[in-house]
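A.B. asks: Provided below for reference: sequence and predicted model.
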2 protein chains.
Amino acid sequence: MGATIKDVARAARVSPATVSRVINDSARVSEDTAIRVREAIERLDYEINDPARTLRTKTSRLIGVIGARLKNPFLMQLLQSAEKAARKENFNLLLGDTGDSLDKKIDYLQIMKQKNIDGIIVIGSNPEGDFLDRLRESEIPAVIASGQVEDSALPGVSIDNEQAGAEVMEYLLELGHRDIGIISGPQYDMMSSSKRLSGALKALSAGGFDLRRENIHSGDYSFASGFRGAQNLLEENSSITALFAFDDRMAVGAIRGIRALGRNVPGDCAVVGFDNIEISRYIHPALTTVHQPCNELGRKAMELLLKIIKGDIDPAGEKRILEHELIIRESTAEL
Amino acid sequence: MGATIKDVARAARVSPATVSRVINDSARVSEDTAIRVREAIERLDYEINDPARTLRTKTSRLIGVIGARLKNPFLMQLLQSAEKAARKENFNLLLGDTGDSLDKKIDYLQIMKQKNIDGIIVIGSNPEGDFLDRLRESEIPAVIASGQVEDSALPGVSIDNEQAGAEVMEYLLELGHRDIGIISGPQYDMMSSSKRLSGALKALSAGGFDLRRENIHSGDYSFASGFRGAQNLLEENSSITALFAFDDRMAVGAIRGIRALGRNVPGDCAVVGFDNIEISRYIHPALTTVHQPCNELGRKAMELLLKIIKGDIDPAGEKRILEHELIIRESTAEL
DNA sequence: TTGTAGGCGTTATCAA
DNA sequence: TTGATAACGCCTACAA
């Protein structure tokens, strides 16, 4: 079916090598022949055979994404920006939803190796298992986006989760809340989640307060877990007056859970989320939350990765911490 | 770096052909040699070179997705199921967010051709421009997921959008609403959107009513456009008592827009959405909406595509219309 | 059951 | 500036 470089060469009365040179403008070709070649390409509807090129050059212009969850709107927004940055340099994204499964991540890593992928964006940086070790062994350039970057050997882009967690608590303390519940992230996101938690705890103890173990509910970033979390926490301890959920979806679920108990938000119980996904300003009450610059996170992570691939930069120690911001809306109020 | 099939062959004291046979278990190989080969593969950490194989076999085990928008939670849920079905048969997804741009779709189509992609899932089936023509010319197996399937030359899986639009209107009529506003989909989703619209209009006129042109606002499936749409419609015509938005995100935006005008939902104005994305049951008031079986849509579309690729099935006329369901929640009430 | 050999389409090297 | 040639790693007749 498809014409090959040889067909084009024949049609343009040049050698295949010359056609290749025109396609890649890799070397000087006289304008005359270049025109003849382009014309032949056009006429024959020639399309380059990418696998053949990859076999020869060892580069696929493919970027793998590991750890993204299609259902997570924050990550999808991040990914959209990452893709845009990739497309600008003619790279494409190979995407797998690995869910929370370590095995799947490792499977994808293998697939990506086999496909001669040029680089990998890791979403979140859960150190669990030996995924990160295998990644390092593979020697494929990789960058963490929106995970915990500080203690990792990999370069990455993120925010200061600990600081953000602390700010939320300071804010709630300022409003007069003393008995605060937390709906944390799941196991597989240990890093971001645990940093937010430790920040929150530090802020509490700095204010002279502490948090009872029972005031923490471990969620999984789903609406349902936010709903359940809020109900469990309030049923266990009805004097809780504020809830801090580690992502906006859980916060939305929590608001509904609180309402279902016959209480009001923020009147009876304030709620703070995390991420500032688009919907958080549209729900009622509009959600107080921590804004993460997700477009910038995606773009910077991809730009960093592409630079590393090009060899423009030394991966070691390339870490960027971007600014977050507490956005105060309607779901919190003075006690 | 990486070991090749030849290295494995040497280590196992067999020919490269035999190694290939073991890898693909394509022909009888004696158990003894097979074991030796597998052991050598293990020892050398051999990974197959996928581009080389693709060059040779013309099959990449890659499925392209065109037309998905990462920010659309309904589509992402659909895609998650599609991916699951693909992975089951060892296919991977090449994903590009083409936004609403026709050019980008055509660009992606070209990239996918070059990558020897095995099949394409088209999200939505906007007939605009010559994308569909080019797709057909390319002769790559393709399936439409969640677009307008009935009048298309391509096989596909969808729901009956016209019927669904009609049901929503019948329901609102039953509740006593007479002056109803519509926030429709955008140009690029002409097909689903226009079917929903024509269904709605038919139901109205069947009931002896009609819809003024000014009662239709053309949105773009964003929260913001739902917000604006609701405000424009109600400011133009303050006697509107119900709004039908063609997707849940616009419905959520519309609810906020109505509230910002000082009116209540559903007391002063009822709202109906479309898709039944996860959040719609968690917001307040919980959204009345049309449920689309998005997991089934994604899975069936992929299964259909894989069957076509395998040649098990004749693509022509393969159309599946799945069941939808009107889910009544809190955002609608009797007038 | 196993091996030999040729070719998939491209690019890189070397020579002209 | 251009061309001939070999090689990337794999699969598949065909032959043994």
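C.D. replies: Yep, that arrived.
A.B. asks: grab the nearest non-local neighbour of residue A:197.
C.D. replies: Among residues not flanking residue A:197 along the chain, residue A:184 sits closest, at 5.7 Å (CB to CB, 6 or more residues apart in numbering or on different chains). Any C-beta I mention is one placed from the backbone N, CA and C, and that applies to glycine too.
A.B. asks: ugh, typo on my part, it should be residue A:76
C.D. replies: residue B:70 (4.2 Å).
A.B. asks: count the residues that sit near the one you found.
C.D. replies: The number of residues packed near residue B:70 is 25, by other CB atoms under 10 Å in any protein chain shown.
A.B. asks: sec struct for it, please.
C.D. replies: coil (DSSP: H, G, I helix; E, B strand; the rest coil).
A.B. asks: residues contacting it?
C.D. replies: Applying CB atoms under 8 Å, 6 or more residues apart in numbering or on different chains, we find residue B:70 in contact with A:76, A:77, A:79, A:80, A:83, B:76, B:97.
A.B. asks: report the two of these separated the most.
C.D. replies: Comparing all pairs in these by CB to CB, the longest separation belongs to A:83 and B:76, at 13.7 Å.
A.B. asks: outline the domain layout of chain A.
C.D. replies: A:5-48, A:58-158+A:294-320, A:161-292 (automatic domain parsing).
A.B. asks: what's the span of the second one, first residue to last?
C.D. replies: Spelled out, that is domain A:58-158+A:294-320. Domain A:58-158+A:294-320 has an end-to-end distance of 29 Å (CA to CA, to the nearest Å).
A.B. asks: list the beta-bridge partners for residue A:159.
C.D. replies: Under the criterion DSSP bridges, residue A:159 forms beta bridges with residue A:322.
A.B. asks: in the stretch 201-335 of chain A, which residue sits nearest DNA strand D?
C.D. replies: The nearest approach of the stretch 201-335 of chain A to DNA strand D comes at residue A:309, 19.1 Å away (CB to the nearest atom of the strand).
A.B. asks: hang on, that residue packs against residue A:120?
C.D. replies: No: if you go by CB atoms under 8 Å, residue A:309 and residue A:120 don't touch, sitting 10.3 Å apart.
A.B. asks: which residues are common contacts for these two?
C.D. replies: Common neighbours of residue A:309 and residue A:120 (CB under 8 Å, 6+ apart) are residue A:141.
A.B. asks: quick one: contacts for whatever residue of the stretch 151-300 of chain A ends up closest to DNA strand C?
C.D. replies: Here the residue of the stretch 151-300 of chain A nearest DNA strand C is residue A:155; by CB to the nearest atom of the strand that distance is 26.7 Å. Residue A:155 makes contacts with A:142, A:143, A:144, A:149, A:304, A:308, A:315, A:316, A:317, A:318, A:319, as judged by CB under 8 Å, 6+ apart.
A.B. asks: shaky segments in the stretch 151-300 of chain A?
C.D. replies: Where the stretch 151-300 of chain A drops to pLDDT under 70, the residues are A:188-190.
A.B. asks: which residue ranges of it form strands?
C.D. replies: A:156-159, A:180-184, A:216-218, A:242-245, A:270-275, A:288-291 (DSSP state E, counting those that start in this stretch).
A.B. asks: ok, now how distant is residue A:312 from residue A:75?
C.D. replies: 27 Å (CB to CB, to the nearest Å).
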